[in-house]
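A.B. asks: following is a predicted model, sequence given first.
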Amino acid sequence: MPLQGGFAITRGKYKNCTTTTKMKITKHQLKAGILPTTIGVVLLLVAMSSAMILMGYYHRMHIQQLKRSADQGVLLQQGVQLALAAYADDQLNEQWQVFPLFPEGQDSIRIKLKTWGAMEVCQLERTVPFKHWQKAFFIGQYGERLHKEALFLSDQKSPLAISGAALIKGDAALPLSGIKKNYFNRQPYSRSEMVFGNISHSTAKMPALTSNLSEFYEMAMGLANNVSQDSLLRYGIQQSFGSDTVAHCQLEQPWLHHAEAEGQVVISHPDSVVVMGSSSLNSIVVCALKIIIASDYEGEIQALAADTLIVEQGAQLQYPSILVCLGKSKEALLQIEKEAQLSGQALLLCSSGEQEEQNFILGKNAQITGSVYCLSREGFSR
């Protein structure tokens, strides 16, 4: 029924009979406080909906970021393979070079090679708008190549003397006079073979090294001291190979203990350094006139000593460790004491020009898994 001025008019079933009824219109009032509550619920629902939308958005962004990171990892790994192939073809040097990642050339990567002590570091860079990626890795030998060549002893017209339980396992390039058994502490050589591998004739001139280690040593010792020994012991040092700056800590005391260092870091002392087992060293270089690696040390190390380098009994030097005695005095010594182990390389050079009194000494049951580069005339194995 339509309402007209507050009255309802109905017609009955009799003719000319009209009834008029007065109706009262009532108003329904909301309870006090219900309006703010309703507004609060609506706002809460809006907030929850917005949060769910944002969570979905960031979830999609995270998935996309993971996918981009995975794609970038694949590209960098492809760059590593490309760098190794270029290295094998002698295409790399210390200048940045651009190599295409795909035949079409729509994407590329920059590669260069740098010297780090006796090691070589390959650096990769890839840049796209608003993004920059870097990767660095050492180039070394692995597997069969690591164990194939055991020794090259320059031909100084005297044979290699071997005694006790010394073991040469792998190919050896020896003087024309060869190798002979010798007595040490009245004990003869005890193994069935003197060289467990192929023997070839060496030359008077040693194969050239890929880097000038004496030059690197002088450069490292001359670096500005930009990290204090207190900072090294308190906080440690980490320096990326992508940085143009080498972190250098010149020790005030020769004892290197409870120190953590990683990357492009040089730790030096003008006289001597004793590397203790409490230190954790990764990819760094230690330089000093004399270096002693303590018997409790276990880990990798690259040590460059000008005159004397000693690995104490039982020390465990893991791959890729490199020991270099530059031989700057005629009495230079590289000694690996009994039961010590080295996985990597040991080099005794002759910077002084005097070889007669330089010695490479390998103690009883000591073991070198890797290569030995020796310019000394003396028999080095005991």
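C.D. replies: Cool, the structure landed. Numbers count the residues shown, from 1 in each chain.
A.B. asks: quick one: low-confidence ranges for the stretch 151-300 of the chain?
C.D. replies: Applying pLDDT under 70 to the stretch 151-300 of the chain flags the ranges 208-211.
A.B. asks: residue ranges of the strands in it, please?
C.D. replies: Under the criterion DSSP state E, counting those that start in this stretch, the stretch 151-300 of the chain contains strands at 160-162, 171-174, 179-181, 199-201, 237-239, 247-250, 255-256, 260-263, 265-275, 280-282, 285-293, 298-299.
A.B. asks: centre of the chain versus the top helix by length along the chain, how much separation?
C.D. replies: As assigned by DSSP state H, the longest helix anywhere in the chain is helix 34-88. Taking the mean of its C-alpha atoms, helix 34-88 sits 30 Å from the chain's own mean (CA atoms, centre = their mean, to the nearest Å).
A.B. asks: rounded mean pLDDT for that helix, please.
C.D. replies: Average pLDDT, helix 34-88: 76.
A.B. asks: how long is stretch 284-300 end to end?
C.D. replies: 9 Å (CA to CA, to the nearest Å).
A.B. asks: for that stretch, buried residues please.
C.D. replies: Across stretch 284-300, burial judged by 16 or more other CB atoms under 10 Å covers 284-295, 297, 299-300. C-beta coordinates here come from the backbone N, C-alpha and C atoms, glycine included.
A.B. asks: so what's Ser295 up against?
C.D. replies: Gly277, Glu312, Gln313, Gly314, Ala315, Glu337, Ala340 (CB atoms under 8 Å, 6 or more residues apart in numbering).
A.B. asks: number of nearby residues for the fifth one?
C.D. replies: It refers to Ala315. Number of residues near Ala315 (other CB atoms under 10 Å) recorded here: 26.
A.B. asks: how far is stretch 267-279 from where the chain is centred?
C.D. replies: Using CA atoms, centre = their mean, the offset of stretch 267-279 from its chain centre is 21 Å.
A.B. asks: what does that stretch rub up against?
C.D. replies: Residues from elsewhere that reach stretch 267-279 (CB under 8 Å, 6+ apart): 220-221, 223, 232, 248-251, 254-261, 281, 284-299, 301, 303.
A.B. asks: ok, now with 7 Å
C.D. replies: Identification of contacts with stretch 267-279 by CB atoms under 7 Å, 6 or more residues apart in numbering yields 220-221, 249-251, 254-259, 261, 284, 286-294, 296-298, 301.
A.B. asks: if we can go back for a sec, ok, the buried residues of stretch 284-300 vs Asn198, which is closest?
C.D. replies: Closest approach to Asn198 among the buried residues of stretch 284-300 (CB to CB): Glu300, at 29.2 Å.
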